[in-house]
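K.L.:
curious how this folds, go ahead:
(chains A and B)
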Amino acid sequence: MIRDITVGQYYRTESFVHRLDPRVKLLGTFLYIISLFVFSSVPGFIVSGALLVVTIWASKVPLKFILRGLKPILLLLSVTVLFNLFLIKGEPVVQFWRFTITREGIQSAVFLVIRIVMLIVGSSMMTFTTTPNQLTDGIESLLKPFRIVKLPAHEIAMMMSIALRFIPILLEETDKIMKAQSARGADFESGNIFHRAKGMLPILVPLFVAAFRRANDLAMAMEARCYRGGEGRTRMKPLKYQTQDAAAFGVLTLYVAVHITCKVLW
Amino acid sequence: MGMIEVKNIIFEYIRRDEEGNVESINRAVDDISLDVQAGEFIAVLGHNGSGKSTFAKHLNSILVPTEGSVWVDGMDTSAERNVWDIRQSAGMVFQNPDNQIIGTVVEEDVGFGPENIGIPTDEIWNRVADSLKAVGMYSFRKMSPNKLSGGQKQRVAIAGIVAMRPKCIILDEPTAMLDPQGRQEVLKTLHALNKMEHVTIVLITHYMEEVIGADKVFVMDAGKIRMQGTPREIFSDVEQMKSLRLDVPAASLLAYELRKAGLRLPNGILTREELVEALCQLY
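P.N.:
Prediction:
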């Protein structure tokens, strides 16, 4: 189950998109998501779809890998489709028993599916092509201007990268605790959902205690290595814009321009 | 002038109840004095609860003594303004390798310390390469620390300290969570650093095998230093070691028992080879 989730994973390969500066990719994704909602019409979707196809082609991430990421949201998709189909009032198309499917309902359902799929695929394109470290560096750099309003940009980025580092360790720990509790007769498999949720408690408590202990150790180790916040720190891998980033910015500008022209013409 | 000078330090853990009244006082370090010269390899030996970890934390200003003073490289650890300079000249490696690695890639973790002390980017890369080579982990530099063995992780942690170019490295039971092979790796690395780079090493441990190669050993019990001297001097006093619930090398123990049984063996036998040699001398 956990293996199936490809959203948020990194796909290791060499490509134009992989080499882009994380800030460009973050801004691009942000722009793309906004455009999906602002320009939600047939021509709008064609333009957004075109950008997505170009990005996927340029990123060399296999289509199969991308589509696998959609599997977990299949349920969510079908529920929204059903709600839209049956609950939106308008000109009836099909009628049976108590249900009516309307023209407006079909249209809204199709639009929604397109929008959600493009949203998920678009944002996972960013995580497929950006390592977690680049991502946090990019976020830190983009949030820097907000320091004027006392937003702790460096601290947020540091927390994110530490969280990423500890995910596999905590997963391993959870596994260990589960085995230890099962060995002493705990049952995590049977019973209804409430019963099972209650069964998670003996896992969560030791997990939290262990996590706090780790946090304490880590804080001490960081202090011992002279960590004292973002002030006066230098970077081992500083972010620098390259020529390819200018090209990507060009593509993004073109993208927005085409969108606006389409909107005006139609 | 010594690298580390510890003068009559006392450290107390004070437990208070909800009103802030003192409930109990636990004296973890009780009147310890010692000197460490630059370039020495020092070992502090003691069993659990002997106060050795608490003592170690005084050496880079994580804890400051309740009484007495600690001087590291001529700086007083209890003065606030010295804290970061002290931590730069006396690096510390902890017990659990997982809980002290910050980076998600080996080289980034090693670069963390130099980044903190404001080293320019090019110089960071040089230092990272040098220190990873010094601990023999250079070929792993692009890997995730999660994929390494315990001994390898601990060597990365040591490289992370070495990259800050400290004069002295303090290791608080660095091998306690490792398998025998990992312990060997770490110990070999420490001796190499001491010989090649002339880094002063203070090794805190409860494994008697690990102190054999040290220049000087301090044995701690109940917050006090009970014995001090070269490993040879320490291990020849088998009775005292036993009374402190500490092991001695098998060869030393056998030599001690044989001597008690009437054989005229010399004092201070450490290794099997020495024992064989001494026994051959008798007949």
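
K.L.:
for the rest of this, base every contact and every neighbour count on C-alpha atoms.
P.N.:
OK.

K.L.:
which strands and helices sit next to the helix or strand in which residue A:247 is found?
P.N.:
Taking DSSP states H and E as the definition, residue A:247 sits inside helix A:243-265. Packing contacts for helix A:243-265, counted by 3 or more CA pairs under 8 Å, 6 or more residues apart in numbering or on different chains; DSSP states H and E, involve helix A:22-38, helix A:42-59.

K.L.:
list the contacts for residue B:146?
P.N.:
A:168-169 (CA atoms under 8 Å, 6 or more residues apart in numbering or on different chains).

K.L.:
which stretches in chain B count as strands?
P.N.:
B:4-16, B:22-36, B:41-45, B:67-72, B:75-76, B:90-93, B:168-172, B:200-205, B:216-221, B:224-229 (DSSP state E).

K.L.:
over to the stretch 1-150 of chain A?
P.N.:
A:92-96, A:99-102 (DSSP state E, counting those that start in this stretch).

K.L.:
nearest to residue B:279, of those strands?
P.N.:
strand A:99-102 (100.2 Å; CA to CA).

K.L.:
paired strands for the closest one, with orientation please.
P.N.:
Strand A:99-102 sits in its sheet next to strand A:92-96 (antiparallel), going by DSSP bridges.

K.L.:
near chain A, which residues of chain B?
P.N.:
Proximity of chain B to chain A, by CA under 8 Å from any CA of the partner chain, involves residues B:60, B:62, B:84, B:87-88, B:91-94, B:99-104, B:108, B:111-122, B:124-125, B:146, B:161.

K.L.:
report the buried members of the residues you listed.
P.N.:
Buried members of the residues of chain B next to chain A, scored by 16 or more other CA atoms under 10 Å in any protein chain shown, are B:60, B:62, B:84, B:87-88, B:91-94, B:99-104, B:108, B:111-117, B:119, B:121, B:124-125, B:146, B:161.

K.L.:
ok, residue A:51 to chain B distance?
P.N.:
Distance, residue A:51 to chain B, using CA to the nearest CA, to the nearest Å: 32 Å.

K.L.:
quick one: residues contacting that residue.
P.N.:
With CA under 8 Å, 6+ apart, residue A:51 has these contacts: residue A:255.

K.L.:
ditto for the one 10 residues further on
P.N.:
Neighbouring residues of residue A:61 by CA under 8 Å, 6+ apart: A:11, A:13, A:128.

K.L.:
next, count neighbours for the closest residue to the last one other than its chain neighbours.
P.N.:
Once flanking residues are discounted, residue A:128 sits nearest to residue A:10: 4.2 Å by CA to CA, 6 or more residues apart in numbering or on different chains. Here the count is done by other CA atoms under 10 Å in any protein chain shown, and residue A:10 has 16 residues near it.

K.L.:
what's the single longest helix in the chain?
P.N.:
All of this is about chain A. Assignment by DSSP state H gives helix A:153-183 as the longest helix of chain A.

K.L.:
I was thinking of chain B, sorry if that wasn't clear
P.N.:
Per DSSP H, chain B has its longest helix at helix B:180-196.

K.L.:
pLDDT averaged over that helix, what's the number?
P.N.:
Taken as a whole, helix B:180-196 carries a mean pLDDT of 90.

K.L.:
CA atoms only: put that helix into PDB for me.
P.N.:
The C-alpha coordinates for helix B:180-196 follow below in PDB (Å, rounded to 0.1, in the frame of the first residue of the first chain):
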ATOM      1  CA  PRO B 180      32.500  -5.700  17.000                       C
ATOM      2  CA  GLN B 181      33.500  -4.900  13.400                       C
ATOM      3  CA  GLY B 182      32.100  -1.400  13.600                       C
ATOM      4  CA  ARG B 183      33.900  -0.800  16.900                       C
ATOM      5  CA  GLN B 184      37.200  -1.900  15.200                       C
ATOM      6  CA  GLU B 185      36.600   0.500  12.300                       C
ATOM      7  CA  VAL B 186      35.900   3.500  14.600                       C
ATOM      8  CA  LEU B 187      38.900   2.800  16.900                       C
ATOM      9  CA  LYS B 188      41.200   2.400  13.900                       C
ATOM     10  CA  THR B 189      40.000   5.700  12.500                       C
ATOM     11  CA  LEU B 190      40.600   7.500  15.900                       C
ATOM     12  CA  HIS B 191      44.100   6.200  16.200                       C
ATOM     13  CA  ALA B 192      44.800   7.200  12.600                       C
ATOM     14  CA  LEU B 193      43.500  10.700  13.300                       C
ATOM     15  CA  ASN B 194      45.600  11.000  16.400                       C
ATOM     16  CA  LYS B 195      48.800   9.800  14.700                       C
ATOM     17  CA  MET B 196      48.400  11.500  11.300                       C
END
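
K.L.:
report the angle between that helix and strand B:41-45.
P.N.:
Put simply, helix B:180-196 runs at 140 degrees to strand B:41-45, going by axes from the mean of the first three to the mean of the last three CA atoms, to 10 degrees.

K.L.:
packing partners of helix B:180-196?
P.N.:
Packing partners of helix B:180-196 (3+ CA pairs under 8 Å, 6+ apart): helix B:150-162, strand B:200-205.

K.L.:
between these, which one is closest to residue B:181.
P.N.:
With CA to CA as the criterion, residue B:181 lies closest to helix B:150-162 of the helices and strands packed on helix B:180-196, at 7.5 Å.

K.L.:
give me the mean pLDDT for that closest one.
P.N.:
Here helix B:150-162 scores 93 as its mean pLDDT.

K.L.:
contacts for that helix, please.
P.N.:
A:225, B:91-93, B:97-98, B:100-101, B:106, B:109-113, B:128, B:131-132, B:134-135, B:137, B:145, B:169, B:174-175, B:177-179, B:181-183, B:185-186, B:189.

K.L.:
before we move on, the earlier item: what's the most buried one of the helices and strands packed on helix A:243-265?
P.N.:
helix A:22-38 (a mean of 18; mean count of other CA atoms under 10 Å in any protein chain shown).

K.L.:
of the contacts of helix B:150-162, buried ones?
P.N.:
Applying 16+ other CA under 10 Å to those flags A:225, B:91-93, B:97-98, B:100-101, B:106, B:109-113, B:128, B:131-132, B:134-135, B:137, B:145, B:169, B:174-175, B:178, B:182-183, B:185-186, B:189 as buried.

K.L.:
okay, now the unreliable bits of the chain?
P.N.:
Picking chain A for this. A:1-8 (pLDDT under 70).

K.L.:
the chain in question should be chain B.
P.N.:
B:1.

K.L.:
is the residue most central in space within it in a bridge, and if so with what?
P.N.:
Nearest to the mean C-alpha position of chain B, by CA atoms, centre = their mean, lies residue B:203 at 1.5 Å. Note on residue B:203: beta-bridge partners by DSSP bridges are residue B:43, residue B:171.

K.L.:
wait, it sits on residue B:176?
P.N.:
No. With contact defined as CA atoms under 8 Å, residue B:203 does not count as touching residue B:176 (11.9 Å).

K.L.:
quick check: residue B:34 vs residue B:132, distance?
P.N.:
32 Å (CA to CA, to the nearest Å).

K.L.:
same deal with residue A:151?
P.N.:
On the measure of CA to CA, residue A:151 and residue B:132 end up 36 Å apart.
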